[in-house]
Every structure is written in C-alpha cells, then in structure tokens.
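A.B. asks: Need a 3D model of the sequence below.
(chains A and B)
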There are 2 protein chains.
Amino acid sequence: MINIAVLGYGTIGSGVVEVLNINGESIGKKAGDTINIKYVLDLKEFPGDPIMEKLVHDVNIILEDPEIKIVVEVMGGVEPAYTFVKTALLKGKSVVTSNKELVAKHGAELLKIAKERNLNFLFEASVGGGIPIIRPLNQSLTADEIMEITGILNGTTNFILSKMTDEGLDFETALKNAQDLGYAERNPSADVDGYDACRKIAILSSLAFGMQVDYEDIYTEGITKITDTDIKYAKALGAKIKLFATSVRDEKDNIHAMVAPMLIKSSHPLYSVDNVLNGIFVRGNVIGDVMFYGSGAGKLPTASAVVADVVDAAKHLGKNIWTIWSSKKLELTDINQVSHRFFVRVNGKSAELTKELMDQFGDIELVNVDGMEDETAFITGSITEQEFKDKKDSLDNLQSVIRVRF
Amino acid sequence: MINIAVLGYGTIGSGVVEVLNINGESIGKKAGDTINIKYVLDLKEFPGDPIMEKLVHDVNIILEDPEIKIVVEVMGGVEPAYTFVKTALLKGKSVVTSNKELVAKHGAELLKIAKERNLNFLFEASVGGGIPIIRPLNQSLTADEIMEITGILNGTTNFILSKMTDEGLDFETALKNAQDLGYAERNPSADVDGYDACRKIAILSSLAFGMQVDYEDIYTEGITKITDTDIKYAKALGAKIKLFATSVRDEKDNIHAMVAPMLIKSSHPLYSVDNVLNGIFVRGNVIGDVMFYGSGAGKLPTASAVVADVVDAAKHLGKNIWTIWSSKKLELTDINQVSHRFFVRVNGKSAELTKELMDQFGDIELVNVDGMEDETAFITGSITEQEFKDKKDSLDNLQSVIRVRF
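C.D. replies: Now for the predicted structure:
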C-alpha cells in the first residue's frame, strides 16, 4: 500500500478522491500497489462527507508522517503551495501538482530538488487538464528539436470565442454565459486577459527548450477587445479567432513567445478545437506536426491527469524521472522583432482610405462585410510588430487589430 | 557512450541514422549519454554511403557483442525479426521496434522476457508513426478505464479516401495516384484491405485492456468496395467516409473490435484527419475524450518515434518500464452482436421500394442525390450486424453497405 496525501479538497482535490474511488482497483494494478489516501488537507470542514475521517487542518501532520510517500498539491496559487511542496520534497516525498502558477514560477527549482533526492515532481495536470502533453514532451518527443508549440490552452476564452462565433453574441454576453455555466470566474481576468494561458505556455516552453522561460517575459494579450464585428469579418474570411499561446524557434534558433488572439483558417490543426476543449500543436524538426486534443479543464479530466502522475510517482519511488528544465533563463526575442500579418479595421470608407493605407502598409488585402461600408478592413503583409506599431500610430480611428496566422 | 545496432537499412533504418545525425547532440543530452550506432545490419551493400563502415551482414556479430545495449529492429515482418529480437532480449539487450506485425503477434511474450531481465521492449513507432500513442496509453491514461479507442491508423487508405472526396476520383484512380506518390505499394492489399490497421488496433487494444487481442479475431473490412457514388452520398449527408479501426468496451464490460469504413460527421474529432495523416481518439471513463494527431508514417516521423524509444531505453538501462499486456487472450464479443446504423444503396426507384424497405428495416432515413433516381439509398436505425445480415440477404441488387457513426 502506498500512502498519499491530498492538499486541498476543492474541485480537483475531490476529483482525485472520486477517480481513486471509481478506478482504484485498476489504478492499483498499474501502480504496482494499492494507492491509499491517508490524509486530505483543507481549512474547511465537510460535514457528512466520508472524507472527514481523513481530513486534517495542519499540513505538518502530513509533512512529518514518514508513511506518506506522495503528496498531491491541488490548492492552486503560489503560496502556501510553494512552501508546502518544497518542504514535502525536502522531507523525501514525491509531489504531484496541478498548479500552473507554482510550476511556472518554481518548476526548475522543484525539479532540481526532486532530482537530487531521487524523488519526482510531476505536473501533467498543470497544462491542458487531462490532455497528455507534459509527458509526451518529456518522453516522446525526445528525438526532436521543438520548433513550435502553439496551444489553445484556456477553455474559458475558447468557449467565449466559440459562443461569439456560433451565436453572434458580443463579448460581454458570451462572458456572462460562461459565468452562468461555471466556466468563468466572477472575476474573469485570469482567463480573459490571457494570464492563465501565459503561465501554461511558459511551462511548455521551458520543457520544450530545457531552460527557464519566465512568464513575465511573454507578451500577453487577452480577448476582451474582440467584438462581434470582428467575428463577422472572421467569418467573411472563412476564418476563426482563437486565443493562441505560442512559442516559436526561428531558423536562427531565436525563440519568441506570445499569447494573443489569432485569425486562423481551417487548414490549421487547431481550427476545430472549439468550446471548452483545449488543443496543443507541436512541430518538431523531424517528427513534423503533431496535435493533442481533449478536455483542458474540468474536475474529472484534470483529476485523471493528477492520478496518472500519482501512478507514475508510485512506479518510480526512489527513482527520478529525468526532466530537462534548467533554471538558466531563456532570453526570448523581443516581440517587436517578430513578424506577423495584421488584420486591421479603421473608421472610414475604403474608397477614401485605400490609397493612403497602401502608401502606409504596401500591398494590403481588403476585407468586405455587408453593412460595414463605413469602415475599412484589411490585412497587411508580413511585417514586424515594431513596424506595425509605428505605422499604426498614424491611423485615425483604429477599431481593431488581430494577428493573422495564414 | 551507449552503443546501439540497427537491424534493417530501409526507409525507417536510414531515417534512424539521419535523425541521430541531425539531432545527436540534444538526443545525447536527453538520453544522459551519447547514442552511438555501432552496427547496421542489412543483406544489401550501400556503396558510397558512409553507413558502409558500420554495415554487417551477420546478425550474430550484433547479438554476440556485449557492448551493444540496445537493438533497433526496423526490418518489418514476423520472421526473421522475431528470432533476432527474442535472441537480443535473451542476451540482455533492450529492443526498440517499429514492426507492427511482430508486436501484434508476439508483443506479450517479448514484453515478458524484457521484464524478467530488467530490459525494455519498446514499440512506439509500430502504431501511428510519429504520433505518441503507446507511451500515453501506458503512462498517461493510467487513471482511466479505457472505454474506446478509434483510430485512422492507415495513411494510405486515408489518402485514397481524401482524394476520392476532394477530387471526385474513383477508387482505382485514387489508388493509382497513391502508388505514383509512393504512398501505396504495388500490391496494396495490406493497406486497402485493412490488414495494416487491423494489426495496429490489435496492439492498441491489447495495451488498453491489458490482455492479448489477437488480430485474427478482429472483423476487418477494407475500402476496396467504396465507390465515387458512395462519396457523393456522403457529401449529401455532410459526412465523410473514413477507415476506422476501433475497439469499444460496452456497459457490460464486453469488448468488440473492428476495422471498417464508417460514415462520420464533422462533430467527430477524427473528421478533419485527412490525407496521409493519422488520428487516434481515446475515450476514458474519467478523462473523457482525448485525441492524438500527426504523421502516421513516413521516414522521419517514424524514425523520430524509434529514436525517442531509444532515448527511453537508454535512460532505463537495467530498469524495466512496466507495461501491462498479459498473454491471456481477450475474448472479443462476436461482431454479429454489435449494433450499428447502416447506410445502404439498392437498385430501384425509392417510390417503388420504400414501403418494402420499411417493412424490412422499420424506420429508415432516405438519402437523395441528384442524378441517382434509379437507386434508393437509406440509413437504418441501430440494429445488430446479425439482424442486418439476415435482412440484407433478402435485398435484390444491393449496391453498397457502409456503417454509420452518427
């Protein structure tokens, strides 16, 4: 029997308990031994819930118990999770976490501590919920140099954009919809401003390139400025708007990373990743393109990934699963040097503006939507962010700017 | 330095050499030591190719060399691959293979030998080319009971069906096309009759359910009977025809498996897997639906998967990576008891036939295509294969039968 403790009895923590209840027998076979939850840590009480037998309020009971071999941290947030997790590792316990803030900020350090002590620090559930992506990156794509990772990594924003696309809703209504369904928080900023996706692409980039990618360095733009009018233009282009979290290695081995809404067409593998689903596209220099797709959040899918990590930790007691993520900082390319095509809407009839716009941007592709004759929409050629910024400043009555991935 | 030997210098074998040449440095870092190809076994000579320095014609040189820690078998076919691989394992060498025939037939036994000797027998490249699917099944989806695996596992047939769909070609022309491009063999039977997909779903099913699924037990139907007229009907239905290899666990824990063309709609996650690409859909009882997508064949993608297995074998010298695949035979449900909806075309005008067809099949959904007024096409309700067979026998001038997944 392998004793574990679960820190946090919220959505994911109760999911972990549920998954072990439902599939405990087969999980035990795969782990090579029965997995037993000895403690659950939470500040709250849960009267009537059988978990009460295992509930403790003091983390030290867990940290000081030598019987606990694996600690599952599903509390979220950097503190006190970081202190608890670090202490658990220092006391010889492997740790499994779903906590993207913790992993993005302290992943390199915690992996190092685990390695030095022949323990494991596993975090499959921190990105893409149930979708296997961390383990494939670490263990399956090892023959490749990763050239690009692009993900739809936030289910809430993907749901909002899908609603806007399918039902013609404006952003506020679609957000309200997501909140009513429990997909978005009352304060939706972490999702809609792109911060959640930013932490996740920081984790994936650190693993893909083996060095610390600080999320603070990643240019991040959310979806709050996307309007129902933008969606109409996307449709006219046969395109969709998706919040992409992306990191790309160029031919000179420079790497840039960003989170931003992108216009994509159906030829892109992530085009059909809709609603709350997540998808992650990876391009390797020998494997070519692969894509992973599934539920990026939710109680049971996320708990499934957490428990799969528990199984792996149980199979590797005393043996570190090697993960290359050095604490050496990866210097990202200044985003201003990165080139895109840009979709732009400005007030004013195209007959009056086109010449001026072409003087400014060179060859542009005009985009027409019925009923929008009072404004001009166009797509630029591929220019750097800096060039675009410089030219954009001279535009009067700019309505909208979205990067284009075709 | 870890010395390896490559058995077979065909497409994949030369791809393995190429991948190690291109990415050798980073591969060495991930493996923890430089990977060195000491020998390549092939009966042929390769004058002018630098590989000549390493070429041997006698497998015993490899099998008897204690410096060789990992043997890469990329010859294909059951014999002599089986004898070589088994001997290598018995002599204490880990084995990596891309050989689906070998794995489908002898996987359980070879895994057992490897386990008993603290070696590894790895075969990521045997299914889905470069797409990580074996390792995710073994190590990522361990918290789940697998309820379904459905794959587009054969790139050749997927290419042919995509060509027929996109360009309205008939089967023979699309096949010729695939042959001209090198996607199909001169004798295309292994692909177009479904045998290749059958072996691959046998491997995935054995891993998913932990017991031996014999490919001979899997009902297998290829795509040779699919006509350009069928494709027209598929389009009229807003559907595509895909060769699905599928195994499903029902609510009574009975498992059935089959390879057959299926009509699917855009709501199916595999709908947009076109051309030579492969996709694998997995449903778990807690994770829900996940999908993996990428190049299912090809020199470098397949070699990437082989080399990733070499890295894993190098990281696990002396340590077996546990895989649950018992040699105990899994008894599949008789396919005649499995239910589907069936798309059927018969000669004769629908005005004349509908009443009779409804007497026979109950409620049916008629499907109309312009210019096909001399025949009647319909979709049945969900009935067992046996019921369908019985009723079908009474139909005059049956043109076509395709199972329906919506």
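
A.B. asks: tally of neighbours for the residue nearest to residue A:316 when sequence neighbours are not counted?
C.D. replies: Ranked by C-beta to C-beta, 6 or more residues apart in numbering or on different chains and with sequence neighbours excluded, the top spatial neighbour of residue A:316 is residue A:120, at 5.6 Å. All C-beta atoms are positioned from the backbone trio N, CA, C, and that covers glycine. By other C-beta atoms under 10 Å in any protein chain shown, 27 other residues sit near residue A:120.

A.B. asks: what about residue A:120, distance to chain B?
C.D. replies: From residue A:120 across to chain B, the span is 13 Å (C-beta to the nearest C-beta, to the nearest Å).

A.B. asks: That residue against residue A:318, yeah?
C.D. replies: No. In this structure, residue A:120 is not within contact of residue A:318 by C-beta atoms under 8 Å, at 9.8 Å.

A.B. asks: Run through the residues that contact residue A:169.
C.D. replies: The contact partners of residue A:169, by C-beta atoms under 8 Å, 6 or more residues apart in numbering or on different chains, come to A:163, A:177, A:228.

A.B. asks: I should have written residue A:121 there, sorry.
C.D. replies: Applying C-beta under 8 Å, 6+ apart to residue A:121 gives the contacts A:85, A:89, A:94-95, A:97, A:107, A:110-111, A:113-114.

A.B. asks: what do you get for residue A:233?
C.D. replies: A:343, A:345, A:367, A:369, A:372, A:377.

A.B. asks: And the furthest pair within those?
C.D. replies: A:343 and A:372 (13.4 Å; C-beta to C-beta).

A.B. asks: Tell me which of those two has more neighbours.
C.D. replies: residue A:343 (25 against 17).

A.B. asks: Tell me the residues of the stretch 301-406 of chain A that contact chain B?
C.D. replies: Within reach of chain B by C-beta under 8 Å from any C-beta of the partner chain, the stretch 301-406 of chain A has these residues: A:301, A:303-308, A:310-312, A:315, A:319, A:322, A:324.

A.B. asks: ugh, typo on my part, it should be the stretch 51-200 of chain A
C.D. replies: Proximity of the stretch 51-200 of chain A to chain B (C-beta under 8 Å from any C-beta) is limited to residues A:124, A:130-132, A:135-136, A:139-145.

A.B. asks: which one of these sits closest to residue A:241?
C.D. replies: Closest approach to residue A:241 among these (C-beta to C-beta): residue A:131, at 21.7 Å.

A.B. asks: What's the end-to-end length of stretch A:288-303?
C.D. replies: 30 Å (C-alpha to C-alpha, to the nearest Å).

A.B. asks: how distant is that stretch from the center of its chain?
C.D. replies: Its chain's C-alpha centre and that of stretch A:288-303 lie 10 Å apart, by C-alpha atoms, centre = their mean, to the nearest Å.

A.B. asks: With stretch A:295-309 instead?
C.D. replies: 14 Å.

A.B. asks: Show me which parts of it are buried, residue by residue.
C.D. replies: Residues of stretch A:295-309 classed as buried: A:295-309 (neighbour count, 16 or more other C-beta atoms under 10 Å in any protein chain shown).

A.B. asks: Name the residues linked to the closest residue to residue A:158 other than its chain neighbours by a beta bridge.
C.D. replies: Ranked by C-beta to C-beta, 6+ apart and with sequence neighbours excluded, the top spatial neighbour of residue A:158 is residue A:152, at 5.3 Å. As for beta bridges, residue A:152 partners with residue A:279 under DSSP bridges.

A.B. asks: you'd agree residue A:152 is up against residue A:240?
C.D. replies: No. Residue A:152 is not in contact with residue A:240 according to C-beta under 8 Å; the separation is 10.5 Å.

A.B. asks: quick one on the thing from earlier: biggest separation within the residues of the stretch 51-200 of chain A next to chain B, which pair?
C.D. replies: A:130 and A:145 (27.3 Å).

A.B. asks: who has more neighbours, these two?
C.D. replies: Counted by other C-beta under 10 Å, residue A:130 and residue A:145 do not tie: residue A:130 has more neighbours, with 31 against 19.

A.B. asks: per-residue confidence for the more buried one?
C.D. replies: pLDDT for residue A:130: 92.

A.B. asks: quick one: contacts for the closest residue to it other than its chain neighbours?
C.D. replies: Spatial nearest neighbour of residue A:130, chain neighbours left out: residue A:301 (3.1 Å); criterion: C-beta to C-beta, 6+ apart. By C-beta under 8 Å, 6+ apart, residue A:301 lies in contact with A:129-130, A:294-295, B:286-288.

A.B. asks: now, among those residues, which is nearest to residue B:103?
C.D. replies: Of all the contacts of residue A:301, residue B:287 has the smallest distance to residue B:103: 24.6 Å, by C-beta to C-beta.

A.B. asks: and the residue nearest to residue A:130, what helix or strand is that in?
C.D. replies: Applying DSSP states H and E as the criterion places residue A:301 in helix A:299-315.
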